[in-house]
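Engineer: fold the following.
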Amino acid sequence: MGTVGRKVEWCFFLVILAVAMASRHLWPGDTGWINDEPYLFLSAANMLSGAGLATKGLVGSLGFTYGPVPIWIFAGLLRLTDDLVTVATLRTALFDLILAASLIWLAASSRRLRVVAGSLLVLSPYAWIYSRVVWDNPWITPLGALGLAAYISFCASPARYKAWIACLALFLVVHIHPMSVPLVLAVGIHGYLTQRDWLRTQLWTLAAIAAVCLLIQLPWLLATLHIISGHAAQVAIGPAPQLQLPKEPPAAWYASSIFGLFGGRHFSALGFDYFLEPGWTRDNPWLRGAVLFSVIAYGLVWYGAVRCVLRVRAAGGLFVRQRGPDHDLDSVCLLAFVIGCVFLAALGRHTHPHYYNGNWIVYGYFLWSAVSERSTKRSFTWLLQGAGAALAVALIFSTVSAALRVHRLGGTRGIHFGATLGNQIEVARVLVRSSPDAPLSIEVKNWLLFPHSLTILRRLTHTEGDPHGPTAPITVRYRDIDPDSGWIIATPGGPQQPAGPK
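Structural biologist: Residues are numbered from 1 along each chain as shown. As a prediction, this is how the structure comes out:
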């Protein structure tokens, strides 16, 4: 491609990135507030109120306590404003800024990747929802991409600042969530085997990086070893749950063994009923078609992975030096992919899409490289490019439809989204007019499952009640009889039936 053509592609890429990321700031209150989010924000608020530095994060499903970095980030945002919707907006802006810089850096480092094809990575409904949710796990997506971009650029032209960025970004992701371990291991192994000459000459730089990383990790490390006491995000607060969490349907014995192969899900719209509940495409045949068509993302990711294997094999292996940034990208991503598949299988992880976030940039690179393929058969090149363009259209339509549905229906009644944060704050502002002693009847599923979410929300929004307010009973219920509607409302009196659709 000529210089003019590449400049045109850069213009399209930057415009698409800007539009996609700007659109994520529409209706910032249309995000979730379920179980983990309240605990994270409570711990962040405790930091600002003098409780000391948070030393631990959430406890994972395997009993491992995560690092407190997301709490520190949210505490910094709460320092700027105590409005939770504004915090969600700032969080999305920071997330997108890191991600955009990472994708631009990767595109600039590679000679083989078609720049504009990188926009496919930010168009899916999964990219939309994880860029907005005020949770800990999604932070590993942009930071992992930043770590990989800095490392690939470092391999092409070693510089201390690139080493600092790569090491700190990758240290932070593994400190945030263990699902990033495969990517960190892949970069570490590749760096040790291909960059030993530079490493031997930069011992002081490595020592400084290690010291900073240790300093960041020290509060978590000391608290984990019980050398000092620290407050974690899991604070017992509020009444006991009045409903039991629904049990996950049993998975096939081989589910975790093959789960790592299907990371293309993040660049499709398949399985998005995980968030929006089954039937979210029911009334729109065009949307059902777009979602079904987006299955080609899986094929493109697999094709990209196979092509990486063939290129690495032709180049002489994973750890051949001075083959250029494209070879380094192929090598690191293949290594991370293999480690990731083994990692997920060993831990028995399956079903949940956030388990792919640690290797998100790896799956994204496979997709990006597939659509960038320049075959000796021009017709095949056009086929790949056409598939990428068609996938982009399907993803845009699916994402816009998902965002409009969430805004129209006020979220869902499901456990993975629920009523929107903005709607929950509206209800909390109604409750503040009543006395804290007023009997409160809850008929909202997620508040019955996670009663602390309301307690913490009222504390953070200063809506815990007026001591001089009325003591009449209040019921919080779903506003509409439509089972797809997530809107909730506070009404006077005891338990009631939802009103008709509005």
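
Engineer: which stretches of the chain have low pLDDT?
Structural biologist: Across the chain, the stretches falling below the confidence threshold (pLDDT under 70) are 1-2, 227-239, 494-502.

Engineer: pick out the residue nearest the middle of it.
Structural biologist: Centre of the chain computed as the mean C-alpha position; nearest residue by C-alpha atoms, centre = their mean is Pro138, 2.5 Å away.

Engineer: list the contacts of the closest residue to it other than its chain neighbours.
Structural biologist: For Pro138, the nearest residue in space outside its immediate sequence neighbours is Tyr130; the separation is 4.1 Å by C-beta to C-beta, 6 or more residues apart in numbering. From N, CA and C alone the C-beta is placed, and that goes for glycine too. For Tyr130, the set of contacting residues under the criterion of C-beta atoms under 8 Å, 6 or more residues apart in numbering consists of 138, 141, 354, 357.

Engineer: and the strand or helix carrying Tyr274, what does it pack against?
Structural biologist: Counting by DSSP states H and E, the element that carries Tyr274 is helix 273-276. Contact partners of helix 273-276 among helices and strands, from 3 or more C-beta pairs under 8 Å, 6 or more residues apart in numbering; DSSP states H and E: helix 378-409.

Engineer: can you pull the buried residues of the helix it packs on?
Structural biologist: In terms of neighbour count (16 or more other C-beta atoms under 10 Å), helix 378-409 has its buried residues at 384-385, 387-388, 391-392, 394-399, 401-403, 405-406, 409.

Engineer: same deal with stretch 195-207?
Structural biologist: Of all the residues in stretch 195-207, those buried under the rule 16+ other C-beta under 10 Å are 195, 198, 202.

Engineer: the residues you listed in helices, which ones?
Structural biologist: Secondary-structure check on the buried residues of stretch 195-207 using DSSP state H: residues within helices are Trp198.

Engineer: closest one of the buried residues of stretch 195-207 to Ile71?
Structural biologist: The nearest member of those to Ile71, counting by C-beta to C-beta, is Gln202 at 32.5 Å.

Engineer: show me the contacts for the closest one.
Structural biologist: 160, 163.

Engineer: repeat the analysis, applying 10 Å as the threshold.
Structural biologist: Applying C-beta atoms under 10 Å, 6 or more residues apart in numbering, one finds that Gln202 lies in contact with 158, 160, 163, 195, 208-209.

Engineer: roughly how far does Trp198 sit from Arg321?
Structural biologist: Applying C-beta to C-beta, to the nearest Å, the value for Trp198 to Arg321 is 11 Å.

Engineer: and for Tyr303?
Structural biologist: When C-beta to C-beta is applied, the distance between Tyr303 and Arg321 equals 27 Å.

Engineer: so between these two, which is more surrounded?
Structural biologist: In terms of neighbours (other C-beta atoms under 10 Å), Tyr303 is the more surrounded of Tyr303 and Arg321; the figures are 19 against 12.

Engineer: residues contacting that one?
Structural biologist: Contact analysis of Tyr303 by C-beta under 10 Å, 6+ apart lists 296, 366-367, 369-371, 373, 384, 387.

Engineer: just Thr381 next, same as before
Structural biologist: For Thr381, counting by C-beta under 10 Å, 6+ apart, the contacting residues are 371-375.

Engineer: what subset of those residues is buried?
Structural biologist: When burial is judged by neighbour count using 16+ other C-beta under 10 Å, the buried members of the contacts of Thr381 are 371-373.

Engineer: nearest to Cys213 among those?
Structural biologist: Checking the buried ones among the contacts of Thr381 against Cys213 by C-beta to C-beta gives Ser372 as the nearest, at 34.1 Å.

Engineer: neighbours around the residue nearest to that closest one when sequence neighbours are not counted, how many?
Structural biologist: Using C-beta to C-beta, 6+ apart and skipping the chain neighbours, the partner closest in space to Ser372 is Arg114 (4.0 Å). Look at Arg114: counted by other C-beta under 10 Å, it has 22 neighbours.

Engineer: and Arg114, how close does it get to Leu367?
Structural biologist: As judged by C-beta to C-beta, Arg114 and Leu367 stand 12 Å apart.

Engineer: can you give me the helices in the stretch 51-200 of the chain?
Structural biologist: Counting by DSSP state H, counting those that start in this stretch, residue ranges of the helices within the stretch 51-200 of the chain are 69-80, 84-109, 125-132, 140-156, 160-176, 181-194, 196-201.

Engineer: indicate which one of the ones you listed is closest to Gly279.
Structural biologist: Within the helices of the stretch 51-200 of the chain, the stretch nearest Gly279 is helix 125-132; the backing value is 15.4 Å (C-beta to C-beta).

Engineer: could you check the angle that closest one makes with helix 84-109?
Structural biologist: Interaxial angle, helix 125-132 versus helix 84-109 (axes from the mean of the first three to the mean of the last three C-alpha atoms, to 10 degrees): 120 degrees.

Engineer: about what we covered before: ok, the contacts of Tyr303 vs Tyr66, which is closest?
Structural biologist: Out of these, the one with the shortest distance to Tyr66 is Phe366. That distance is 27.4 Å, counting by C-beta to C-beta.

Engineer: wait, the closest one touches His266, no?
Structural biologist: No. Under the criterion of C-beta atoms under 10 Å, Phe366 lies out of contact with His266, with a separation of 11.3 Å.

Engineer: which neighbours do those two share?
Structural biologist: Taking C-beta under 10 Å, 6+ apart as the contact definition, Phe366 and His266 share the neighbouring residues Val301.

Engineer: how many residues are close by Ile442?
Structural biologist: Using other C-beta under 10 Å, Ile442 has 19 other residues around it.
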